[in-house]
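Visitor: starting from these lines, generate the structure:
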Amino acid sequence: MKKVLITGANKSIGFETSRQLLQNGYFVYLGARDLEKGTAAAEKLKAEGLTNVEAIQLDVSNSESVLAARKLIGEKTEVLDALINNAGINGGFPQSALEASIDQFKQVFETNLYGVVRVTQAFIDLLKKSPAPRIVNVSSSGSSLTLHSDPSWKYYTHKAALYPSSKAALNMYTIDLAYELRDTQFKVNAVCPGFVATDFNGHRGTGTVQEAGSRISKYVEIGEEGPTGKFIAEEYNSETGETPW
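Guide: Predicted coordinates for the structure are as follows:
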């Protein structure tokens, strides 16, 4: 049975992705900053008959928490087949490039970029033991420099200084990570789940968590012929998903 760790998985897109991968035969380590909420989410999935799930306390912004999670999971399995870096924060709104404080930038980058680096580096040894390891960094088409500089793009006026810049940095990390792992069986991609109605955006999105979970799961389950080092946003490009950086 393949095993996957999903950060920020106790609600919304992370939770739905957990459900879909459980339905597809994976064992899910459900990462949650608050273990009580993570346990409640895992119990909800078990009540649906999806029993191969375990809640793990994991605060991606805290190095000690990440290392503790690595130790715990390492005691349960020698191999991790997939990592979904889903945990993220939006930083609150408005996000003015002229008025947002350095502390606000640091807070968002601590989770959205540094958190991904922490978790990836902590679990890479377990991933390397899988015959077909996959890493999905949950990104956003709103971090595309190309799209945000194009006045004809439908979200051109939706500017925010904090969240998109953190995800643009995450995209660059994804490129570097895929490059370093280019001669292995790893597939590493940045995937946008779409503009989904969740607590994250005050339910202003137009997509569903089911669509989002499907988009993320797809790149966990891709075969040897699948892409790596790509920025995928199927809401933007319904044919190949590949999106301009």
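
Visitor: pLDDT weak spots in this structure?
Guide: The model of the chain has pLDDT under 70 over residues 197-206.

Visitor: could you pull out the helices for it?
Guide: 12-23, 35-47, 63-76, 102-109, 115-127, 145-148, 163-180, 209-220 (DSSP state H).

Visitor: run the angle between the fifth one and helix 102-109 for me.
Guide: In other words, helix 115-127. 20 degrees (axes from the mean of the first three to the mean of the last three CA atoms, to 10 degrees).

Visitor: just put the helices of the chain in JSON lines and tack on mean neighbour count.
Guide: From N, CA and C alone the C-beta is placed, and that goes for glycine too. Formatted as JSON lines, these follow (neighbours: other CB atoms under 10 Å):
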{"stretch": "helix 12-23", "mean neighbour count": "24"}
{"stretch": "helix 35-47", "mean neighbour count": "16"}
{"stretch": "helix 63-76", "mean neighbour count": "15"}
{"stretch": "helix 102-109", "mean neighbour count": "14"}
{"stretch": "helix 115-127", "mean neighbour count": "20"}
{"stretch": "helix 145-148", "mean neighbour count": "15"}
{"stretch": "helix 163-180", "mean neighbour count": "19"}
{"stretch": "helix 209-220", "mean neighbour count": "22"}
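
Visitor: minimum distance to Pro193: which of those has it?
Guide: Closest approach to Pro193 among those (CB to CB): helix 209-220, 3.4 Å.

Visitor: packing partners for the closest one?
Guide: For helix 209-220, the packing partners by 3 or more CB pairs under 8 Å, 6 or more residues apart in numbering; DSSP states H and E come out as helix 12-23, strand 82-85, strand 134-138, strand 187-191.

Visitor: helices and strands around the first one, which ones?
Guide: Contact here means 3+ CB pairs under 8 Å, 6+ apart; on that basis helix 12-23 packs against strand 3-6, strand 27-32, helix 35-47, helix 209-220.
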